[in-house]
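[1] need coordinates for the following:
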Amino acid sequence: MENRENFGTRLGFILVSAGCAVGLGNVWKFPYICGENGGAAFIVLYLICLGLLGWPILISEFSVGRASGHSVAKAFHDLEPENTNWHRFGWFGIAGNYLLMMFYTMVAGWMFNYAIRMFSGKLTGMDSDQISGVFADMLASPVEMGIFMVIAVLLAFGVCSMGLQNGVERITKVMMLLLISLMIVLAVHSLMLPNMQEGLKFFLVPDLQKMADIGFGNVLFAAMTHAFFTLSVGMGSMEIFGSYLNKSRSLTGEALNVVMLDTFVALMAGIIIIPACFAYGVEPDAGPSLLFITLPSVFEHMTGGKIWGTAFFIFMSFAALSTVIAVFENILSMTMEVFHWDRKKAVLRNIVGVILLSIPAVLGFNVLSGIQPIGAGSSIMDLEDFLVSYNILPLGSLLFVLFCTKKNGWGWENFLKEADTGQGMRYPAFVKPYIRFGVPTLIVIIYLKGYYDKFSQYSTAALIFWMCVAMAFLALIFSFSMSKRKK
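    As a prediction, the model looks like this:
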């Protein structure tokens, strides 16, 4: 841990970690999923699943990071027993962080683009078809998307270049506090809109009949899946912040604070978006259409819509940029450790590398739109998202949990000791059997169900092929954990 930077404040650690977890999915996906799956009844199931799945994995990542004092690129080298293969996961984590940034920087650029459009009034006076055309025109322009992608890369690496405390912690703290303040203002405004009661009912009132129609098992799986993905665990993006944390506080309580803040943002996003959609009679669709077509149309009908629309996309820009900064800090730490670069050299080389790696996603909507790698209508971004969301996050989470519980890994006793070091909440040791067997089982179920849902729309042969691919990846991951220690 020589010359290892640390967070200057506990609040800084919580806000930076939450900033990484708070992604665009919290805003454009959670409210709609919640409403479609029974409202408040879904939220209860989601919170239970978050406690049973997301929280334990997050504690595992923080523990590995703090105990090793390294990024995921080197953490397993330090903690693994001799003659084991856990260290190979370092390359898995490195690939995941780069893959995520290959399309997330572009999407962050979309947010900056729309914040400027709303502020300048370029969307004023347009009907929904015209607003839809603006989004289509943006996707068709590689130059426009490329410029804003580069802006996102330069802004985030500029923050990271100033160091952990002076850059990442200081700037992200301000951004997150502004983000939370904007959310509260936008939520209060949303609650003052006409007919907002219908939106709140859709989002927050238990609808057991809707849950029964969908099927309790399907609703439970939706809650479990979203609880798993919402914290961005599995590729070391959270592990890095554990490596910057001192030993004064136990990790169970610190992880709980991050989970609570991430959940608060998701719930507040629903209160902002759903009543606004219902107030103006539009469908609260999930996905990009909600953010870039539906909501600008809603703001157009509001009194002072330009102000509220600008505030919303500034909030979205902060949410996206906080994630980009957090992942870039992980990328910098990994490349500094692997290649022994100083921070300046790592920043300069990664600026060039990430921009080049992000170009295929930008071109995938226009010049390279004919490339549809995972089925008709898919894009290069869809492939990159598939590799991260359907593979690296669940498989990486599985590895972290196995590493912290298996005897030929870091082991339960070492994990428990690290998690409980410092003041605060103790980790419940009696849950070891569940963490050892239950959590991995749930992750495997989520992983295989994700593949099934993704490819069941295609032919039976295609489904069988992709399920075999999934099983092969699982076999590879379990092989990491089967190496024997030297006697």
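[2] report the separation between Arg343 and Cys34.
    Using C-beta to C-beta, to the nearest Å, one gets 41 Å for the distance from Arg343 to Cys34. Yep, even glycine has a C-beta here, placed from its N, CA and C like the rest.
[3] so these two - more neighbours on which side?
    Ranked by neighbour count (other C-beta atoms under 10 Å), Arg343 and Cys34 place Cys34 first, with 26 against 18.
[4] low-confidence bits of this structure, can you list those?
    Counting by pLDDT under 70, the ranges of the chain that qualify are 1-3, 483-487.
[5] only alpha carbons, please: show stretch 172-186 as CSV.
    Output for stretch 172-186, consisting of C-alpha atoms alone and laid out as CSV, is shown next (Å, rounded to 0.1, in the frame of the first residue of the first chain):
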residue,chain,number,x,y,z
THR,A,172,-17.8,14.2,-7.3
LYS,A,173,-18.9,15.4,-3.8
VAL,A,174,-20.0,18.7,-5.3
MET,A,175,-21.7,16.9,-8.3
MET,A,176,-23.5,14.4,-6.1
LEU,A,177,-24.8,17.1,-3.7
LEU,A,178,-26.0,19.2,-6.6
LEU,A,179,-27.6,16.0,-8.1
ILE,A,180,-29.5,15.3,-4.9
SER,A,181,-30.5,18.9,-4.6
LEU,A,182,-31.8,19.0,-8.2
MET,A,183,-33.7,15.8,-7.6
ILE,A,184,-35.5,17.2,-4.6
VAL,A,185,-36.4,20.4,-6.5
LEU,A,186,-37.6,18.4,-9.5
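[6] chain center to that stretch: distance?
    18 Å (C-alpha atoms, centre = their mean, to the nearest Å).
[7] what do you get for stretch 154-169?
    For stretch 154-169, the gap between its own C-alpha mean and the chain's C-alpha mean amounts to 20 Å (C-alpha atoms, centre = their mean).
[8] also stretch 257-266?
    12 Å.
[9] list of residues touching it?
    Contacts made with stretch 257-266 from outside it, assessed by C-beta atoms under 8 Å, 6 or more residues apart in numbering, are listed as 14-15, 17-18, 21-22, 26-27, 30-31, 47, 50-51, 54-55, 58, 179-180, 183, 230-231, 319.
[10] send the alpha carbons of that stretch over as CSV?
    Extracted C-alpha coordinates of stretch 257-266, given in CSV (Å, rounded to 0.1, in the frame of the first residue of the first chain):
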residue,chain,number,x,y,z
ASN,A,257,-25.0,3.7,3.2
VAL,A,258,-24.1,3.4,-0.5
VAL,A,259,-27.0,1.0,-1.1
MET,A,260,-29.4,3.4,0.6
LEU,A,261,-28.3,6.4,-1.4
ASP,A,262,-28.5,4.5,-4.6
THR,A,263,-32.0,3.4,-3.8
PHE,A,264,-33.0,7.0,-2.8
VAL,A,265,-31.9,8.2,-6.2
ALA,A,266,-33.9,5.5,-8.0
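[11] so which bits of that stretch are buried?
    Of all the residues in stretch 257-266, those buried under the rule 16 or more other C-beta atoms under 10 Å are Asn257, Val258, Val259, Leu261, Asp262, Thr263, Val265, Ala266.
[12] and which of those residues is nearest Lys454?
    Within the buried residues of stretch 257-266, distances to Lys454 taken as C-beta to C-beta reach their minimum at Ala266, with 23.1 Å.
[13] in which helix or strand does the closest one reside?
    For Ala266, the enclosing helix or strand under DSSP states H and E is helix 251-279.
[14] gap between the helix or strand just after that helix and the chain center?
    Remark: after helix 251-279, the chain's next helix or strand is helix 288-289, criterion DSSP H and E. For helix 288-289, the separation from the chain centroid amounts to 17 Å (computed by C-alpha atoms, centre = their mean).
[15] buried sites along the helix or strand immediately after helix 288-289 in the chain?
    As assigned by DSSP H and E, the chain's next helix or strand after helix 288-289 is helix 295-301. Along helix 295-301, these residues count as buried under the neighbour rule (16+ other C-beta under 10 Å): Leu295, Pro296, Ser297, Val298, Phe299, Glu300.
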